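1. My questions concern the predicted model and sequence given below.
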Amino acid sequence: MLEIGSLIDGKYRVLNKCGQGGMSVVYMAINERANKTWAIKEVRKDGVQNFDVVKQGLIVETDLLKRLSHPNLPSIVDVIDSDDSFLIVMDFIEGRTLKDLLAEFGPQSQEDVIDWARQLCDVLGYLHSRRPPIIYRDMKPSNVMLKPDGTIVLFDFGTAREYKFSSLEDTTCLGTRGYAAPEQYGGHGQTDARTDIFCLGAAMYHLVTGHNPSKPPYRMYPIRQWNQNLSAGLESIIMKCTQQNPDDRYASCAELLYDLEHFGEVDIAYRKKQISKFRKFIVPAVVAAAFCVAALSLHYLENSEKKSTYDYYISSAEKASGDARIAYYRSAISLKPENEEAWNSLLGEFSEDDIFTSEESSTLQSILIATNGGQTNETFFKNENRAGYDAFCFEVGILYYYKLEDGNGKTQAKHYFSVAMESEYLSEDQTVRAECLYRISEYYSGIGKVDNTGDSSVSYRDYWDDLAELTSGNLVEMDNPNTAIIMYRELTSQIISRADD
């Protein structure tokens, strides 16, 4: 074990011991050069069987955390592999684990549990939005630290894994019994975002009831069986999170977050109370009309609350940066895929540096095909807001045609231009340009090639005429200076590369 007062790697002075687990000890240390406090996690090589296997897991965990940046996750700053121990230097988190709170105070208030769950939804949603997605797989009170300001930090990534799109099942069964979803035991499919939702539901169950699902009888009863004062709405949420079949759970953390923020509205007792008021105060002759008004009012309130959450995601995205901003836009789209604001903001993020990367393309496509209410986000957008969808397709076509980094975006742009050129909502300039770009995109698969008779399927004269038409007029007025420059650059590059033709 490290000695109190010792100096590690010439810069970390060990101050005191903070905690101890099955195979590791955590110390508080200070970097005397920077006057900064850190935590040092020590795993001694002589105290662990098969240390090489354990070390490999620790390396995976540290490499994973180094790539992440989120306010509810710790940062890894240093890894020291000494002769007798493996040391991980990370953020020192002042606070207590939720497990400690349960041990000292018993069941926690449902208001606090919901607040913590909302924060955990945010950080899990961030992990799931990575490419490939990161599945945490071990959500439980002992892995969540509560800081004095009320924010939580999720730590211990020893069981986290990257989602393998080509895999049907997990090869390793990891997680904590009682909290772990059925698919974590192997032979039940691959763990995905819904696995973390199950674990989070189990953690909420433990926190709000005080009954540990990792102890016999390893079952989670309806929470109001333990305490009738708990919300039926929260009970419904936890039961949906912990369904045995992943398809019966929330599909994403964004869906779960929405219900957590409006758990009172799904409270059965609340609904019964409203119905009772109608029966008591409204005369039978107008009951039917009153219910119609009530339904419209509830629909309006639901839409208003959805808009409030949607606006929260948009405003949070504007304050965030990088991957976190993309994650907020993804959550907004999942909530209201028919609203073009988040879609357009997402495209703006991808096109800001004038380079559309392959990773950004994969992210966009994954959001488009994500299921939402039995249909994809793209289908929902198209059916509910055709004008917004057509404008979106035009911009996506431009993005692929001019900015995809590997230069092969023209073929992928064709689909989006085919939608835009047939649109009833876009301006004439946009539809004409979409049709022109669509034809040019087709040229790339046929220009310069001849059929069996020796004839060319596409002439360079046709190609030139379309390029000239595409750049006619005042492009700055029709679009903007940046798009104009890109289009002129494309024209000049084609003149240079195909001058002889």
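-> On my side now, so go ahead.

2. what does stretch 149-158 contact?
-> Defining contact as C-beta atoms under 8 Å, 6 or more residues apart in numbering, one finds that stretch 149-158 is touched by 57-58, 61, 64-65, 71-74, 91, 93, 95, 98, 115-116, 119-120, 123, 136, 138-139, 143-147. Placement of C-beta: from N, CA and C, glycine included.

3. Out of those residues, which sit inside strands?
-> Secondary structure assignment (DSSP state E) places 91, 144, 145, 146 from the contacts of stretch 149-158 within strands.

4. And the strands in the chain?
-> All strands of the chain, identified by DSSP E, fall at 7-8, 12-20, 25-31, 36-44, 76-81, 85-91, 96-97, 134-135, 144-146, 152-154, 161-162, 371-372, 375-376.

5. okay if I get the ones in strands among the contacts of stretch 149-158 as TSV plus pLDDT?
-> Compiled in TSV, the ones in strands among the contacts of stretch 149-158 are given as follows (pLDDT from 0 to 100):
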residue	pLDDT
91	88
144	93
145	92
146	94
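
6. Next, format those residues as TSV and append neighbour count.
-> What follows is the ones in strands among the contacts of stretch 149-158, written out as TSV (neighbours: other C-beta atoms under 10 Å):
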residue	neighbour count
91	17
144	25
145	21
146	21
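
7. ok, so of those, who is nearest residue 352?
-> Sorting the ones in strands among the contacts of stretch 149-158 by how near they are to residue 352, with C-beta to C-beta, puts residue 91 at the top with 30.0 Å.

8. Distance-wise, check the closest residue to that closest one other than its chain neighbours relative to residue 207.
-> Excluding the flanking residues, the one nearest residue 91 by C-beta to C-beta, 6 or more residues apart in numbering is residue 74, at 4.4 Å. Summarising the geometry, the distance separating residue 74 from residue 207, computed by C-beta to C-beta, to the nearest Å, is 21 Å.

9. Residue 413 now?
-> Distance of residue 413 to residue 207, given as C-beta to C-beta: 50 Å.

10. Please apply the same query to residue 412.
-> 47 Å.

11. what does residue 43 give?
-> 29 Å.

12. likewise residue 23?
-> Distance check for residue 23 against residue 207: by C-beta to C-beta, it reads 26 Å.

13. ok, residue 74 and residue 207, which is more surrounded?
-> When residue 74 is set against residue 207 and neighbours are counted by other C-beta atoms under 10 Å, the residue ahead is residue 207, at 24 against 20.

14. quick one: contacts for the closest residue to residue 339 other than its chain neighbours?
-> In space, and not counting its chain neighbours, residue 339 is closest to residue 310: 6.6 Å by C-beta to C-beta, 6+ apart. Shown here is residue 310, whose contacts under the criterion C-beta under 8 Å, 6+ apart are 332, 335, 336, 339, 342.

15. Could you check the pLDDT of residue 310?
-> The per-residue pLDDT reported for residue 310 equals 87.

16. what sits against the residue nearest to residue 91?
-> When the contact criterion is C-beta under 8 Å, 6+ apart, the partners of residue 74 are 65, 90, 91, 93, 153, 155.

17. cutoff 10 Å now
-> Contacts for residue 74 (C-beta atoms under 10 Å, 6 or more residues apart in numbering) come out as 39, 65, 68, 88, 90-93, 145, 153-157.

18. Now do the phi/psi pair for it.
-> The phi/psi pair for residue 74 (degrees, to the nearest 10) reads phi -80, psi 160.

19. Mind putting the ones in strands among the contacts of stretch 149-158 into JSON lines with distance to residue 464?
-> Listed next are the ones in strands among the contacts of stretch 149-158 as JSON lines, based on distance: C-beta to C-beta, whole Å:
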{"residue": "91", "distance to residue 464": "60"}
{"residue": "144", "distance to residue 464": "64"}
{"residue": "145", "distance to residue 464": "65"}
{"residue": "146", "distance to residue 464": "67"}
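
20. That concludes my questions; thank you for your assistance.
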